[in-house]
Each structure stands twice: as structure tokens, then as C-alpha cells.
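Trainee: Predicted model follows, preceded by the sequence.
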Amino acid sequence: MGRKKKKASKPWCWYCNREFDDEKILIQHQKAKHFKCHICHKKLYTGPGLSIHCMQVHKEAIDKVPNSLPNRSNIEIEIYGMEGIPPEDIKEHERQKTGGGKASDSDDDEPAAKKKATSALLGPGPSTVTSGILPTPMGPVPPGMYPGPMAMNPMMPHFMQQRMMMPGMRPLFPAASVSVSTPSKPTFPAYSNATISAPPTTSTSSELRENGDVKPPAANTCPLVTATGAGSKIIHPPEDVSLEEIKARNAKFRPKPKPDAPSTPVSAPPMIAPSTSQAEINFQVAAHMSAAVAAARQQAMRRPMPMGMMGMLGQVRVPVPVSMPVPVLPVMPQFNLMRPIQPGMLLPGGMMPMGAMFPGGVPGLPMMQPRYR
Amino acid sequence: MFGGTNPNKDVEVASPPDDTVSALKFSPPSVPQTFLAAGSWDCQVRCWEVEASGKTVPKAAQSMGGPVLDVAWHDDGSKIFMASTDKSVKCWDLASNAAVQVAAHDAPVKTCHWVKAPNYTCLMTASWDKTLKFWDTRSSVPIMSLNLSERCYCADVDYPMAAVGLADRSICLYSLEGKPAEVKRVDSPLKYQHRCLAIFKDKKTQQPTGFAVGSVEGRVAIQYVNPTNPKDNFTFKCHRSSGTNNGYQDIYAVNDIAFHPVHGTLATVGSDGSFSFWDKDARTKLKSFEALDQPLTKCAFNHTGQIFAYAMGYDWSKGHESYNPSKKNFIYLRPSFDDLKPRTT
């Protein structure tokens, strides 16, 4: 994608993506639009400069560069004209100029660390309200409560964003622009950007490719549980199946057929699943598992095949335990509903001492045999 | 990072289950005493009485044909429904101690919930067989069976709303008014497998207005069914290691979410062995606690919000290799009314 043709590109403003003919005008623009103090209208030279000015002169914390794009609002980065722009953003800008690149990536190319810094800065201040975090009495926002920087829909073509973000169209606080750009969408602009905080080419996709899996790194289908960021690890088996399903495959947790359950399926009670559908389900489950596991096994994380799986493939039918061979007894409505539960009522005979009620490890608890049996 | 079996000095429930707790529910307000029911992987459902002192007295136990995946109380507190991997749901009548099958699926039943509507009552069950069924407990055929696009992973009911989270991360919302009907399907705000779901109420109307879902990627989404402002919906991170471990931050699954019945604040428990209290309206963490040495699988508040119960046991998040059957499982109780009060700002 990155065409190497070095075309002398126009100077542009990192905060709002606007292009200028001359870097001098760009600097004027930045001073007027991005580095101007909203209280005394003094023009500062850089984002950190503005932040220090507001803090020292007005005792007010500024967390975002005014009039900036949501993902370019970091006030800590020192940018003056074209100086100080992160190299990857320059590359990205050039890529978009050449027109060949995917415009949709534009919001995602920011390093995760930078985004975190942006959000971590959110402190008390007018714009914090709009960006989704309320100032807390605790001071800094707790780390867990980070809703991600507000950003526009990453799928939106870049030129549209640019148009919407035109300076002058919006009030002082950039976060307000988010609601302008997505007025009625109940989607999660904040989130969509937050999770793709890692560059899209790292982690998930590259891992898959390394392992010879040609699956595209689809963001919405994750057959495997792998972390988005390179610096994090999700503590979960690689297969994207619930822990309960994985655990239930283990031979230890297989439902035990009731001793009195007939070995051949009883046809009459509708409670019993037909054996065909049973086998079908087993097969489906097994197929689903093996696909995922096959992929999972290629991962660096070596993980032995769950022992339950092979059994499931070969197994045709598990007898469905039924409580009774006849259809379920009607539950009588005349129970004294408010009757306090007492040990004597629960235990036929009513003479079991409290301590002996849970004899550890005795399955079936013989003294609690249902009365009707 | 893991610190002992009870670093927070909470009250230990007597005679805990022999295997991991998979369901934890307090008795409804209709019974004067407080009972705690827990389903576990040892195929048992146990019931304790919790006294005001915090003392727990084991009352009864009932077994299923397979590990128990969910339990639900009847609204009158006289019965407990037990969903199992044996593909059935049984109704355990506590007075007679009899258990009767009331529902069946073609695959393990992941969730069961008792629905109490003004004009009807029924049992809602959702399964890995990709169906959601409603039963009147007297018939062996469901009143209604709805197909799901995927296996059910989590569900919650707060009349008149029901929410079911699926393996494909979609969330189906149902209205239970009159009769159960699908209202809408919401795509997940989370990018990873859902593990738990809890409905929350509107503070003013006390009607269910949204839900929280937790994923395996240490994240919870707060989602309104009809947000007045799209920004009302948000997500937050939780259950992640604070430092880095060999250069990696460990991200753990959110195993359960419970809303405080009085304050509307919430608790989360995770595979990292920790639990935290949150205020979704102020978007702050109210309190976090020292992590236990094993994952926390389930949590629950009693109906007055005075007691918070949480269960510790291995949840398979590190695979079967890390399963150590000799490690004991625990359920702890903690006074929770004050800790979950929203902060006044």
C-alpha cells in the first residue's frame, strides 16, 4: 500500500487534518484554533504550553486540545507546525493522500499507548462530561472505568470525517463533535475505537498469519480468544467456547446415566430427545469444536486435545436421564407457600443432625430420598 | 497477586460444595428467612439458611444427573429449579424434598429463570441446543419454544424483561408482558465472548431499563435498551492484572455481575479471584478487594441488599491442566449495604 513516491506534500495540521499551503499559515492556524486559551484568549505555542498556561494562570486543567479530532486531542504531545508529528501519522497521512490506502484505518493507526494517555488525562473539566467520564471525588479516573476515547465510526470514509471536523463548525470542546457526527446511532463509537486501540496489523492478525492460517482477521468473529493488544494476554483457553462447555467435555463431568434409566430410549415420554437429534447435536458440537481446536492447536500455546472430544465424536447417544418414566407429575398448587422451611420437613424422618446434612462426597445423599419413591 | 483463600476476612459458608459453584441465588422476598442456594459441578444443589449473625446452617441438598449449570427460586420461595448438563431442569420442592423434571432440552441447559407475570407464571430455560423454552412446569411440552441463532451463554430475567446472551455475542431481548415475545436483537458492544448478563432497573421507575454484560476480555458493557443518549451506553475494563506479568498484562474473564437491589450499583467477580463494586451512574469503582487465590465464579445479593455472596473455585480458565481437585471450594458472605452505596457528589 505504501507507495514510495515522495511527493512534496502540503503541510497539514495534525490536530484537525487540515492542509495548508504554507507552514507559516499552519502555525497561525494552530495558534488560533488549537493553542488558544479559552479563558483569556491568549495564543500559546504548543499543546503542553496551553495546558501549563491554563493550570498556572487560571487553575484549570485542560485535557484536550480544542477543536481537535477525537483521536488527535492529546494535549501532551508537543506539536508545532509539522514538527513533532508522530512518524506513523505522517505515513498514514501520506497514504491517504495517495488515495490507495484504506481510509477506514485512519482512526485506528494510533498507538494504543497514546490513546491510553489521552483518556488517562481526563480529569475534571468541562469536556469530561461530554466524553463520558464524570469527575470523581477520587480525583483521577479509576483505571477500570475507561470508556475509551470518543471517536467516529471507523468505517466512515475519511473525507466525511474531515468535512465534519472542519474547524469553526463546532464549539470549543472537541468531544461535543462526537454527538454531532453520530447523532442518532445507538452504536458504540467510543468502544469501537477503544478495542482496536492496538494497530490493526499487530497481534491477532499477524499471529494468525504466522501460523499459516489464512483467515482474515475479522474483528467481529473471533474463533479464538486472543488479546487485541500485543502487551496483554487473555486468561482463557484459546478456543472461543464457554468455560462451561470446555469443562463439561471432561469425562469427569459427563452426566451420569441414571441407574434405572433404560438402555434403549423410551419412545413415549416426550421428555426424551430422539436419538437422531442427539447424535446430530453431538456431531455439530464436535465439528464446531474440532474446527476451533484445529486452529487453536496451531497456536504457540500448546494445548492437548480435550479428552471429552473424541468420545463425543464416536458417541451416538447418551441416554437422557428422566426423573420418571411417565410424563412429569403435575405440580400441585396447594402447597403452603409460606410455610417456613425446617429441617424436619426437608428430611423425611426429621432426625438427621445438622452437621451430618452434607456428608462430603457422598453422592445422592441417601437420607434425602424423595418421599414419593 | 493471588492472596490466600479468604484475604478479606469474610464469613465462610458452612459445608461448601465439593466442586466449583456454577450458580448462586438467594431466596426471594416472599420467605421471611434468608436462604442461599448454590448449584455446583459436583451435580448437587445445596441450600443453607443464613442467619442474621451471618451463621449459615446447611438445610438440604438435591442431586442432578449431571453438573448443575443454573438454579432459580420460585417466587414463593418454596421451590428451586435446577438446570443441568443432563439436559433437564428439575423442580425441587423444598417442603417435600422431591425433585421433579419440568423441562428438557437436546443439550445441556445453561440457564433457568422463574417468570412471574401478573397473568401467568412460567419457567424460562435456555440451552446449548440453541433454543429458548418456556414451561408451565405441569406439562412435558413447553408453552413456547423459540429458536436462537446460537448456544445460550447467559441470561437474566426481570419481569417484564428477559435478556439472553448467545455464543455469537448477540443479545436477544424479550418482553414477557402478556406472553413472551422477542423485542429486539442487539449486537454486542463487546468484542469477546460473553460470560454473564444482568438486567438493571431504572432508578426512578424501578422498571428494567438495560443490562450489563461481561466478557472473557475483562470488560463489562452497560447497555440501555432504549438509550436517551447513545453515550449512556459505555464499557469499562475490570479484572485485569495491574502490573505486567513477563511483559504481558493478564486479562481475566468477568464471571458474574450482580446489581444491588436497593442502590442499583453493581458487583463483578472474575477469574482473577477478585471482586469489585461499581457505580454505573457515576462511572466509578466504589471498592475493590484483595484477590483470592482461585477464580470467583458467581456472586449474588440477597433481596434486601444486606448480604453479598461470592463463590470461589476453579473455573477452567487456565484449562484442565490447572485443575487441582484437592483445592477446596468456598462460598463467602459479606455485609454489602454500605459498601455499595453510591457516592454522593
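Mentor: It's in.

Trainee: And the residue of the stretch 201-350 of chain A closest to chain B?
Mentor: Closest to chain B within the stretch 201-350 of chain A is A:Pro255: 3.0 Å, counting by CB to the nearest CB. Where you see a C-beta, it was placed from the backbone N, CA and C, and this is true even at glycine.

Trainee: wait, what's in contact with that residue?
Mentor: A:Val318, A:Pro321, B:Gly65, B:Gly66, B:Pro67, B:Ser84, B:Thr85, B:Asp86, B:Lys87, B:Pro108 (CB atoms under 8 Å, 6 or more residues apart in numbering or on different chains).

Trainee: how far out from the middle of the chain is the least confident helix or strand in chain B by mean pLDDT?
Mentor: Ranked by mean pLDDT, DSSP states H and E, the weakest helix or strand in chain B is strand B:249-251, scoring a mean of 90. Distance of strand B:249-251 from the chain centroid (CA atoms, centre = their mean, to the nearest Å) equals 24 Å.

Trainee: Is A:Trp12 bridged to anything, and to what?
Mentor: Counting by DSSP bridges, A:Trp12 is bridged to A:Glu19.

Trainee: same check, this time on B:Thr131
Mentor: Beta-bridge pairing for B:Thr131 (DSSP bridges): B:Asn147.

Trainee: count of residues packed around it?
Mentor: A count of nearby residues for B:Thr131, using other CB atoms under 10 Å in any protein chain shown, gives 19.

Trainee: which residues touch it?
Mentor: For B:Thr131, the contacting residues are B:His105, B:Asp106, B:Ser145, B:Leu146, B:Asn147, B:Leu148, by CB under 8 Å, 6+ apart.

Trainee: Kindly recompute the last result at 10 Å.
Mentor: Going by CB atoms under 10 Å, 6 or more residues apart in numbering or on different chains, B:Thr131 touches B:His105, B:Asp106, B:Ala107, B:Val109, B:Thr125, B:Pro142, B:Ser145, B:Leu146, B:Asn147, B:Leu148, B:Arg151, B:Cys152.

Trainee: likewise A:Gln30?
Mentor: Going by CB under 10 Å, 6+ apart, the list of residues near A:Gln30 reads A:13-16, A:18, A:20, A:36, A:43-47, A:65, A:67, A:79-81.

Trainee: of the contacts of A:Pro255, closest to B:Lys179?
Mentor: B:Lys87 (25.0 Å; CB to CB).

Trainee: thought the closest one was touching A:Arg254?
Mentor: No: with contact defined as CB atoms under 10 Å, B:Lys87 does not reach A:Arg254; the gap is 11.9 Å.

Trainee: Compare those two and say which is more crowded by neighbours.
Mentor: Taking other CB under 10 Å, B:Lys87 and A:Arg254 do not tie; B:Lys87 has more neighbours (28 against 19).

Trainee: The closest residue to A:Leu243 other than its chain neighbours: neighbouring residues, count only.
Mentor: Residue nearest to A:Leu243 in three dimensions, not counting chain neighbours: B:Trp316, with 4.4 Å by CB to CB, 6 or more residues apart in numbering or on different chains. Residues near B:Trp316, counting by other CB under 10 Å, number 26.

Trainee: Go ahead and confirm B:Trp316 touches A:Ile246.
Mentor: Yes: B:Trp316 is in contact with A:Ile246 according to CB under 10 Å; the separation is 5.6 Å.

Trainee: Spit out the residues that contact these two alike.
Mentor: Joint contacts of B:Trp316 and A:Ile246 (CB under 10 Å, 6+ apart) are A:His236, A:Pro237.

Trainee: pLDDT of stretch A:239-258, averaged?
Mentor: Stretch A:239-258 shows a mean pLDDT of 86.

Trainee: any weak-confidence spans in the chain?
Mentor: Reading this off chain A. Scanning chain A for pLDDT under 70 picks out the ranges A:1-8, A:99-223, A:227-230, A:257-373.

Trainee: my bad, chain B
Mentor: Scanning chain B for pLDDT under 70 picks out the ranges B:1-3, B:243-245, B:345.

Trainee: what's across from the residue sitting nearest the centre point of it in the sheet?
Mentor: Centroid check for chain B by CA atoms, centre = their mean gives B:Asp256 as the closest residue, at 5.6 Å. Going by DSSP bridges, B:Asp256 is paired in beta bridges with B:Val269.

Trainee: hang on, isn't it packed against B:Cys154?
Mentor: Yes: between B:Asp256 and B:Cys154 there is a contact at 9.2 Å, judged by CB under 10 Å.
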